[in-house]
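S.K.: below is the structure, and that's it, no one-letter string:
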């Protein structure tokens, strides 16, 4: 499946060497980000120190936001177009309001684990 940056659920990792990886959803990006050694990609794409920026789309307004600053809602009652996913929010207040209404756990990028990613895809 071809992923376009304009897709509402697309996520992107940009590297200092000008390469870019695109993902169909935040969950797919986080699965890669938390366990890059599981993928057949260049060594430079496995090195988090080589990452220039990571972009996800805010769940509510679909605007690109910095994944390093975003809040990811894990295990809410709301699913993405392909099933359970991490729902990104640019603002913590928006994520917390969403969690109050739909359940889930708000997490920062660095709190997401490979186990959470696997659990989400069961």
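M.R.: That came in fine, so what should we check first? Predicted model only: the values in this text are computed from it and were never measured.

S.K.: can you pull the contacts of the residue lying closest to residue 74 once chain neighbours are set aside?
M.R.: Take residue 74 and drop its neighbours on the chain: the residue closest to it by Cβ to Cβ, 6 or more residues apart in numbering is residue 105, 4.8 Å away. The C-beta positions use only the backbone N, C-alpha and C, and glycine is treated the same way. Counting by Cβ atoms under 8 Å, 6 or more residues apart in numbering, residue 105 makes contact with 73-75, 99.

S.K.: and residue 6, what's its pLDDT?
M.R.: What the model reports for residue 6 is a pLDDT of 85.

S.K.: right, and residue 114 touches residue 36 too?
M.R.: No: between residue 114 and residue 36 there is no contact under Cβ atoms under 8 Å: 10.1 Å.

S.K.: of those two, who's got more company?
M.R.: More crowded of residue 114 and residue 36, by other Cβ atoms under 10 Å: residue 36, with 16 against 13.
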